[in-house]
Every structure is written in structure tokens, then in C-alpha cells.
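Enquirer: Make a model of this:
(one chain, ligands or ions: 1)
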Amino acid sequence: MHMYRHIVDGRKLDLPIGKVVCVGRNYAAHARELNNPVPTAPVLFIKPSTSLSPMADPITIPSVHGECHFETEMSLLIGSTLKNCDLKEAQNAILGVGLSLDLTLRELQQELKEKGLPWEKAKAFDGACPTSDFISIGQCGDLQTQQIMLNQNGEVRQNGSTSDMLMPIVDLLVYISQFFTLLPGDIVLTGTPAGVGPLQGGDRLALSLSDLLHFKTEVYTS
Ligand code: ZN
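Expert: Okay, the predicted model is just below:
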């Protein structure tokens, strides 16, 4: 296994590997598929830097905690500090755009939710955030009209558009910065479209963000 490094346009960046701030239920159709209410304010949680692994490596999922679900998400690499920021500062802080998997031990998460306990064991474990190389923001076009796709063993499982986000990306960064200061080298995951499901050892995955990013990987169990 390789150490995760931030890579933008093929270049390794000398930026710290920071925290990963994630938003739950940012697509109404995904909230509904898990029988969750569509939230009135974003549901935020954090994965630590130890959850990051390079998307180019095979994905290793835990074998002992029940189903591990894929959630395919557009991710943002943050290039400057954001604290109580405005929309313009948020826009200017986005250094790169990539794809991440918000791996989730769904049965464990359900158990924790039912007991009113925090989700960390289900979402913040080692390797729970495979993340791709980024492309620089200038090459991306409109962030809110991108297609997110995941294909599992030849079947399309997720095919969503960032136009369906409940809170658009720049507003989301403003909201996050009211709670958590974002630092250069932090990553933000912007939520998953519908179609999440379990991974199995031996799965072959293909992920894409519009015509901008394409990745293939495979899944092993630990
Ligand atoms: Zn997610």
C-alpha cells in the first residue's frame, strides 16, 4: 500500500494531509433510499487523515463488521484557510476537484444510529476514504453540472448529477467554515447521489467524474 499524497494535474503537492470534512444526505434521493429524512441543514462529519488512501491502490475493506457500502462523491482539495468565510473566499479556496469513496460500514452505522451514538467507527476507520488524483479547478468548468458515476462489475450503480445537490458546493464550504476551520490540505466530500450498496472482495469498480476523471480499482477484504 502507498501513502496517500495530494496530487493535482499529475503533480505531487507539498501540502499537509489534513482532515476530511463530509456532508451526509446532500442529495434528496440518497436520503430517501436509506429512509432518512431530507435534512433542513447539512449533516456534517469528519474522517481523519488516516482514513485517506490513494484511489489508484486496490481498496481493502474490513471483513468483520458487516456490510461495507460504497458512496461515490465529488471531493474538493482546499488550498487556503477558510473560517467564517464568504462565497467568494470559498470559491477561491478550491484548489482541485476529484472523486472519493465515503466507505461506510452500514450495519455498524445503523446500530450506532439506533443507540444515538456517533458514527466514527462506521465511517472514519483506516482506509475509509479512497481518494483520487485531483484536477485543478480551472479545468473543471461548472462544478454544479458534473456527472458522478460508479460501475461495479460491469453494472452502473450510481449515476448522479451535482446539479441535484441540496446545498451547492460553495454554500456548503461557507456553512462548514462556521463550524470547522478548513486548512490548506484539507479535503471536503460533497455527498453521494443515490444507488449506494455493498462491496464484496473481488469487485471491480470503475468511477468517473464527467469526462474529467476516470479510475478503475478492485476490492479486497482484510
Ligand atoms: Zn457520504
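
Enquirer: Please count neighbours and contacts with C-alpha atoms only from this point.
Expert: OK.

Enquirer: distance of the closest residue to Leu182 other than its chain neighbours from Gln91?
Expert: In this structure, Leu182 finds its nearest non-sequential neighbour in Leu82, 5.0 Å apart by CA to CA, 6 or more residues apart in numbering. Applying CA to CA, to the nearest Å, the value for Leu82 to Gln91 is 10 Å.

Enquirer: ditto for His6
Expert: Taking CA to CA as the measure, His6 falls 19 Å from Gln91.

Enquirer: These two: which has the busier surroundings?
Expert: Higher neighbour count among His6 and Gln91: His6, with 22 against 17, using other CA atoms under 10 Å.

Enquirer: re earlier: could you verify my assumption that the residue nearest to Leu182 touches Glu89?
Expert: Yes: judged on CA atoms under 8 Å, Leu82 makes contact with Glu89 at a distance of 7.3 Å.

Enquirer: excluding its backbone neighbours, what's nearest Leu183?
Expert: Leu183's closest residue in space is Thr81 (CA to CA, 6+ apart), at 4.5 Å.

Enquirer: is it true that the one you found touches Gly185?
Expert: No: at 9.4 Å, Thr81 does not count as touching Gly185 under the criterion of CA under 8 Å.

Enquirer: more crowded one of these two?
Expert: Gly185 (24 against 16).

Enquirer: Regarding the more buried one, which helix or strand does it belong to?
Expert: Gly185 is part of no helix or strand when elements are defined by DSSP states H and E.

Enquirer: how close does Ile169 get to Gln109?
Expert: Counting by CA to CA - Ile169 and Gln109 are separated by 25 Å.

Enquirer: which residues of the chain fall in helices?
Expert: 28-33, 87-93, 106-114, 120-123, 169-176 (DSSP state H).

Enquirer: residues contacting Leu44?
Expert: Applying CA atoms under 8 Å, 6 or more residues apart in numbering to Leu44 gives the contacts Val21, Cys22, Val23, Gly24, Ile176.

Enquirer: Could you pull up the residues touching the first one?
Expert: Okay, so that is Val21. Residues in contact with Val21 (CA under 8 Å, 6+ apart) are Leu44, Phe45, Ile46, Lys47, Asp186, Ile187, Val188, Leu189.

Enquirer: As TSV, those with distance to the ion and pLDDT would be great.
Expert: Formatted as TSV, these follow (distance: CA to the ion, whole Å; pLDDT from 0 to 100):
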residue	distance to the ion	pLDDT
Leu44	10	97
Phe45	9	97
Ile46	11	98
Lys47	11	98
Asp186	16	98
Ile187	13	98
Val188	11	98
Leu189	7	98
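
Enquirer: and of those residues, the nearest to Gly127?
Expert: Closest approach between the contacts of Val21 and Gly127, by CA to CA: Lys47, at 10.0 Å.

Enquirer: Would you check how far apart Pro62 and Gly201 are?
Expert: Separation of Pro62 from Gly201 (CA to CA) stands at 10 Å.

Enquirer: Show me which residues of the chain sit near the ion.
Expert: Counting by CA under 5 Å from the ion, the residues of the chain close to the ion are Asp102, Gly191.

Enquirer: Quick one: distance of the lowest-mean-pLDDT helix or strand in the chain to the chain centre.
Expert: Least confident helix or strand of the chain, by mean pLDDT, DSSP states H and E, is helix 28-33 with a mean of 85. Here helix 28-33 is found 16 Å from its chain centre; the criterion is CA atoms, centre = their mean, to the nearest Å.

Enquirer: And for stretch 212-222?
Expert: Distance, centroid of stretch 212-222 to centroid of chain: 14 Å (CA atoms, centre = their mean).
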